[in-house]
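[1] Starting from these lines, generate the structure:
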Amino acid sequence: MKRTLHSVCLLLALAPWIHAQDAAQTELIQKLLTRIDSLEKRVEELEKEKSGAAAVAAAPAAPAAQTPKTPAPPAPAPQVALHSHDTAPPPEIPPVDTVPQYPSLKIAGFGDVDFSALNLHGPNGGFGAQTLLTPHSGFEEGQFVLHFSSALSPKVTVFSEVSMTARSDAGTGTPPATGFNVELERLIIRYALNDYFKLSFGRYHTPINYWNTAFHHGAWLQTTISRPEMIQFGGSFLPVHFVGALVEGSTPADGWNLNYNVGVGNGRGQVISRDGDFGDVNNSRATLVNVFVKPEFLYGAQAGGSFYHDQLNPLTAPSAEEFIETGHLVWAKETPEFIAEFANVTHKPNNGGVTSNSQAFYVQTAYRLPKSLKVLKPYYRFEYLRVPQSDAIFRNVVPSFSASTAGIRYDISTFAAFKMEYRNYDRRALPSFHGVFLQTAFTF
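    Numbering: from 1, shown residues only. Predicted coordinates for the structure are as follows:
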């Protein structure tokens, strides 16, 4: 009986806590209340039985002179009407840490520290700072990146990515420039109706090639020290960021696992390496379609392509219509790793000038060594980028070159790695150069 009373007290104490939960707990609360009612009735009946037994024990014995009577059979125990919830196991109360809590904020971080030594003593020919091509050798503070994710309900989530990057002009100017640039890289709110349909709004890494959506800010995520130049952060060849709305989803498709992205939003800004965060530069929205498959019969493989269209109004070049077509082929395993991508960018000037096509591609392969050497992962990448002189949009801001990169990644722990690589660049109309690059990258 004491155990029963303790159970009643426990359930009564938990009832307010359970009531405070999500509306999805209503059915569980009703079952608990019904169970409590049944237990209270059972306790009352047990108390009556105990009182009756005590009264019989206290009654005076019959006189000895009386004729003994045949003892009556014992009265059957009172029957308790059973309900379906009495015969079934009592409902389990979910532990506190398994009940979804909204919002549920989670934070992850990335960082890296770099070193470069190369024989480049002149202009870098349009390469961005993220490539680590500087006129002087030495150390460099890489990006410090924070990822924030939170579920607002079972179907609604929010994600953001913030980066801090060291500035080369820190302390100069009036007022003095700060030491780091803070950038909101991504901010996305997504409603997932199901696997087939997900609708989101915000600032994305433009889903028009594989690398840009597989490896975000945080150098620890990727095998190599730097990204391919065609999709380099701060680069101009492909639009790295996109502000707008995106519909995405996936379907099994008889084992092919077909995935899609369809987006509409602001195109490139007046500085074409930037997107339209504050608003579009014209009244023509950028549109994109991206489709890829991940076949079950070839686990780790991915193949796909995308199309992007926009109207450009750059500061230092004529307005033009832009078309981008890309394709990729990937083997995502580490024994080996293989990534190949191609992109063609067409610029058609609105004033009737020459239509130009610029192309870029890269092929990267890596292999994680077996057994006791599995912490080591050697890699090689060849990349090529060509911009014709007729392309007024790209010719002054995008480098034309071919380059080879050979290196090795050493995972010093599950969450930190050393990388060392050698690069050789062959530039058009500019001297070739080469250099050694080191990086320690980590996540936390």
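[2] pLDDT below threshold where in the chain?
    Low-confidence segments of the chain, defined by pLDDT under 70: 1-32, 35, 47-98.
[3] Let's verify the spatially most central residue of it: helix, strand, or coil?
    Per Cα atoms, centre = their mean, the C-alpha nearest to the average position across the chain is that of residue 159, at 7.7 Å. For residue 159, the assignment made with DSSP: H, G, I helix; E, B strand; the rest coil gives strand.
[4] Against residue 370, how distant is it?
    Separation of residue 159 from residue 370 (Cβ to Cβ, to the nearest Å): 36 Å. Using the backbone N, CA and C atoms, a C-beta is placed for each residue, glycine as well.
[5] cool, residue 166 as well?
    For residue 166, the distance to residue 370 - Cβ to Cβ - is 38 Å.
[6] Would you map the helices across the stretch 301-444 of the chain?
    Here the stretch 301-444 of the chain has no helices by DSSP state H, counting those that start in this stretch.
[7] quick one: contacts for the residue nearest to the centre of the chain?
    147, 148, 149, 150, 186, 187, 188, 190 (Cβ atoms under 8 Å, 6 or more residues apart in numbering).
[8] Note down every partner strand of the helix or strand the fourth one falls within and its orientation.
    Here residue 150, judged by DSSP states H and E, is contained in strand 138-151. Using DSSP bridges, the neighbouring strands of strand 138-151 in the sheet come out as strand 104-118 (antiparallel), strand 156-166 (antiparallel).
[9] Can you show me the strands along the stretch 301-444 of the chain?
    301-312, 320-331, 337-349, 356-366, 376-386, 401-413, 416-427, 433-443 (DSSP state E, counting those that start in this stretch).
[10] starting at the chain centroid, how far to the second one?
    The chain centroid and the centroid of strand 320-331 are separated by 22 Å under Cα atoms, centre = their mean, to the nearest Å.
[11] same deal with the fourth one?
    Remark: strand 356-366 is offset 26 Å from the chain centroid, using Cα atoms, centre = their mean.
[12] Dump it to PDB, restricted to CA.
    Output in PDB follows, covering the C-alpha atoms of strand 356-366 (Å, rounded to 0.1, in the frame of the first residue of the first chain):
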ATOM      1  CA  SER A 356      32.000  35.700 -73.800                       C
ATOM      2  CA  ASN A 357      32.400  32.400 -72.000                       C
ATOM      3  CA  SER A 358      34.800  31.800 -69.100                       C
ATOM      4  CA  GLN A 359      35.500  28.300 -67.900                       C
ATOM      5  CA  ALA A 360      37.000  26.700 -64.800                       C
ATOM      6  CA  PHE A 361      37.500  23.200 -63.400                       C
ATOM      7  CA  TYR A 362      39.400  21.300 -60.800                       C
ATOM      8  CA  VAL A 363      40.100  17.700 -60.000                       C
ATOM      9  CA  GLN A 364      41.100  16.700 -56.500                       C
ATOM     10  CA  THR A 365      42.000  13.300 -55.100                       C
ATOM     11  CA  ALA A 366      43.000  12.100 -51.700                       C
END
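[13] And it, what does it pack against?
    strand 337-349, strand 376-386 (3 or more Cβ pairs under 8 Å, 6 or more residues apart in numbering; DSSP states H and E).
[14] Given it, what are its sheet partners and their directions?
    Strand 356-366 is paired, per DSSP bridges, with strand 337-349 (antiparallel), strand 376-386 (antiparallel).
[15] Contacts for it, please.
    Contacts of strand 356-366 (Cβ under 8 Å, 6+ apart): 223-224, 228-230, 237, 334, 336-347, 377-388, 390-392, 394, 398, 409.
[16] Mind checking which of the residues you listed are buried?
    223-224, 228-230, 237, 337-343, 345-347, 377, 379, 381, 383-387, 391-392, 394, 398, 409 (16 or more other Cβ atoms under 10 Å).
[17] List the contacts of residue 314.
    Counting by Cβ under 8 Å, 6+ apart, residue 314 makes contact with 268, 270, 271, 272, 393.
[18] cool, and residue 406?
    Residue 406 neighbours (Cβ under 8 Å, 6+ apart): 378, 379, 380, 421, 422.
[19] Nearest to residue 178 among the residues you listed?
    Nearest to residue 178 out of those is residue 421 (Cβ to Cβ; 30.4 Å).
[20] Just want the phi and psi numbers for residue 187.
    phi -150, psi 110 (degrees, to the nearest 10).
[21] close enough to count as contact, it and residue 202?
    Yes. Residue 187 lies in contact with residue 202 (Cβ atoms under 8 Å); the separation is 4.7 Å.
[22] distance of residue 375 from residue 416?
    11 Å.
[23] tally of neighbours for residue 137?
    13 (other Cβ atoms under 10 Å).
[24] Which residue, other than its chain neighbours, is closest to residue 273?
    The shortest distance from residue 273 to any residue other than its chain neighbours is 4.6 Å, reached at residue 236 (Cβ to Cβ, 6 or more residues apart in numbering).
[25] Surely that neighbour touches residue 399?
    No. Applying Cβ under 8 Å, one finds residue 236 not in contact with residue 399, separated by 9.8 Å.
[26] outside of stretch 134-147, which residues touch it?
    Residues contacting stretch 134-147 (Cβ under 8 Å, 6+ apart): 107-118, 120-122, 124, 132, 159-166, 180, 185, 217-219, 439, 441.
[27] Of all the residues in that stretch, which ones are buried?
    So, applying 16+ other Cβ under 10 Å, buried residues of stretch 134-147: 134, 142, 143, 144, 145, 146, 147.
[28] Rebuild those as TSV, extending it with distance to residue 353.
    TSV is the format used below for the buried residues of stretch 134-147 (distance: Cβ to Cβ, whole Å):
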residue	distance to residue 353
134	35
142	40
143	38
144	43
145	40
146	44
147	43
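[29] Tell me the one among those nearest to residue 303.
    Using Cβ to Cβ, the buried residues of stretch 134-147 come closest to residue 303 at residue 147, 27.8 Å.
[30] Can you give me the neighbour number for residue 180?
    Neighbour count of residue 180, defined by other Cβ under 10 Å: 15.
[31] next one: the one 4 residues further on
    Around residue 184 there are 13 other residues, counting by other Cβ under 10 Å.
[32] Which residue comes closest to it once chain neighbours are left out?
    Nearest non-adjacent residue to residue 184, counting by Cβ to Cβ, 6+ apart: residue 162, 5.9 Å away.
[33] Likewise for residue 350?
    In space, residue 350 is closest to residue 319, 4.7 Å off (Cβ to Cβ, 6+ apart).
[34] Same check on residue 246?
    Excluding its sequence neighbours, the residue lying closest to residue 246 (Cβ to Cβ, 6+ apart) is residue 263, at 4.3 Å.
[35] SS state for that neighbour?
    Classified using three-state DSSP, residue 263 is strand.
[36] and it, what does it touch?
    Counting by Cβ under 8 Å, 6+ apart, residue 263 touches 204, 207, 242, 244, 245, 246, 247, 286, 287, 288, 289.
[37] again, but for residue 152
    Contact analysis of residue 152 by Cβ under 8 Å, 6+ apart lists 102, 103, 158.
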